[in-house]
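1. structure of the sequence below:
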Amino acid sequence: MQIGSIDIKNPFVLAPLAGYTDLPFRLLCREYGAGLVCSEMISSHGLAYQQQKTHEMIKTTEDERPVSMQLFGADVKIMGKAAAILSEYPVDIIDINMGCPVHKVIKKGAGAALMKNPRLAGEIISAVCDNCRQPVTVKIRTGWNHQQKNGVEFAGIAEDNGAQAIAVHARTWTAGFSGEIDREMIAAIKKAVNIPVIGNGDILNYQQGLEMMIETGCDGVMIGRAALGCPWVFQPRNPDVSLHFRLEALSRHLQLIKTFGNPDRGLAGIKNHCGKYFKGLPHGSAIRERIFRAETFARLQELVNTLMD
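-> Okay, the predicted model is just below:
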């Protein structure tokens, strides 16, 4: 898959996930084969006003490239300014979030709320494209609700204003993350535009991703929640996912957190990440209980090492 000048060798992409797709997890997914990794949502206001916490979110390293950083906001000038700032960093793609369903984002007119305002969405995309050197992509939904499925029209507006790829979470805003995805809409959007289309929604393994590409004609697939605790989901052949295999993956994840993250400051979030490696596993709940009892990051690493012995 080609996005602008960026060659994506594996069309399986790590989706942006708030609270999860930080630098350590992105690096881990790249090691397991993800062709492109995406950051968490980055506030355009936070970047424009030089907030320290926001700047920490855009830390990157050469080993994770190609990497996409995702901006959100509803102010044309602020989005343009944020894009200009982000453009100076070693990132390959700038993505615009126009699909987030979370209320605190929607109430500011950002995320999926922009699907109700295609004119403003077009102005934002144009401003971002005008203020950065990188290819710009847009993540959308199929529409605001089942009566307003404007995904095809919206994708056309994105392309006309300079977007070089579109990721489609094939649900409306009102559907949230529930119900079946609308693969027909992905196919319709793919037919309507001349830029790459990435399908998103309910892909749990590599085979399902291939099936979506065949069925809809989309150029790539984006995997989000299914990658949590399962970063090997981007590989063509599913490995023998034994307890030891999971522990090795988690151990590597913790090493990356220690090197690139803030292990003691974000311990609760790290434990949340760790617990997902044992979801659905016999005795997994007992392991998760021990994880959540760990009082420090060092104790957490000791526990994983002990379980591996």
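2. just the buried residues of the helix or strand harbouring G199, please?
-> According to DSSP states H and E, G199 maps onto strand 197-200. For strand 197-200, burial by neighbour count (16 or more other Cβ atoms under 10 Å) applies to V197, I198, G199, N200. The C-beta positions use only the backbone N, C-alpha and C, and glycine is treated the same way.
3. you'd agree the first one is up against A163?
-> No: the criterion here is Cβ atoms under 8 Å, and V197 misses it with A163 at 10.8 Å.
4. kindly provide the whole-number mean pLDDT of stretch 15-31.
-> For stretch 15-31, mean pLDDT rounds to 95.
5. with pLDDT and distance to M41 added, can I get the buried residues of strand 197-200 in CSV?
-> Formatted as CSV, these follow (pLDDT from 0 to 100; distance: Cβ to Cβ, whole Å):
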residue, pLDDT, distance to M41
V197, 98, 21
I198, 98, 17
G199, 96, 20
N200, 94, 15
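6. what's in contact with the strand holding G199?
-> Outside strand 197-200, the residues that touch it by Cβ atoms under 8 Å, 6 or more residues apart in numbering are 1, 11, 13, 15, 139, 155, 165-170, 183, 186, 189-190, 212-213, 216-224.
7. just checking, which of those belong to strands?
-> V13, K139, A165, I166, A167, V168, H169, A170, G220, V221, M222, I223 (DSSP state E).
8. surely C274 is in contact with L300?
-> Yes: in this structure, C274 is within contact of L300 by Cβ under 8 Å, at 6.9 Å.
9. specify the local secondary structure of I96.
-> Assigned state for I96: strand (three-state reduction, DSSP: H, G, I helix; E, B strand; the rest coil).
10. beta partners for it?
-> L71, V138 (DSSP bridges).
11. how far away is it from A165?
-> 11 Å (Cβ to Cβ, to the nearest Å).
12. which residues are in contact with each of the two?
-> T137, V138.
13. all helices of the stretch 151-300 of the chain, in order?
-> Assigned by DSSP state H, counting those that start in this stretch, the helices in the stretch 151-300 of the chain fall at 151-160, 183-192, 206-216, 243-260, 267-275, 284-293, 297-308.
14. closest to K116 out of those?
-> With Cβ to Cβ as the criterion, K116 lies closest to helix 151-160 of those, at 10.1 Å.
15. list the helices and strands that closest one packs on?
-> helix 118-130, strand 136-143, strand 165-172, helix 183-192 (3 or more Cβ pairs under 8 Å, 6 or more residues apart in numbering; DSSP states H and E).
16. now the ones you listed in JSON lines, please, with extra columns for distance to F260.
-> Formatted as JSON lines, the helices and strands packed on helix 151-160 follow (distance: least, Cβ to Cβ, whole Å):
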{"stretch": "helix 118-130", "distance to F260": "27"}
{"stretch": "strand 136-143", "distance to F260": "24"}
{"stretch": "strand 165-172", "distance to F260": "25"}
{"stretch": "helix 183-192", "distance to F260": "34"}
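17. is it possible to get CSV of the helices of the stretch 151-300 of the chain that adds mean pLDDT, distance to R119 and mean neighbour count?
-> Listed next are the helices of the stretch 151-300 of the chain as CSV, based on pLDDT from 0 to 100; distance: least, Cβ to Cβ, whole Å; neighbours: other Cβ atoms under 10 Å:
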stretch, mean pLDDT, distance to R119, mean neighbour count
helix 151-160, 96, 8, 20
helix 183-192, 96, 19, 19
helix 206-216, 95, 28, 17
helix 243-260, 94, 40, 18
helix 267-275, 92, 37, 17
helix 284-293, 92, 47, 15
helix 297-308, 92, 48, 16
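18. want to throw those helices into TSV with distance to I6?
-> Output for those, formatted as TSV (distance: least, Cβ to Cβ, whole Å):
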stretch	distance to I6
helix 151-160	17
helix 183-192	19
helix 206-216	19
helix 243-260	22
helix 267-275	28
helix 284-293	37
helix 297-308	35
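19. count of neighbours near Q50?
-> By other Cβ atoms under 10 Å, the residues close to Q50 number 9.
20. the strand holding G199: how far from the chain's middle?
-> 12 Å (Cα atoms, centre = their mean, to the nearest Å).
21. and stretch 3-23, by the same measure?
-> That offset, for stretch 3-23, works out to 6 Å (Cα atoms, centre = their mean).
22. could you pull out the buried residues of that stretch?
-> 3-4, 6, 8, 10-17, 20-23.
23. try stretch 168-188
-> 168-175, 181-183, 185-188.
24. out of these, who's nearest N305?
-> Distances from N305 to the buried residues of stretch 168-188, taken by Cβ to Cβ, are shortest for H169, at 38.0 Å.
25. surely the closest one and V138 touch.
-> No: taking contacts as Cβ under 8 Å, H169 lies outside contact range of V138: 11.5 Å.
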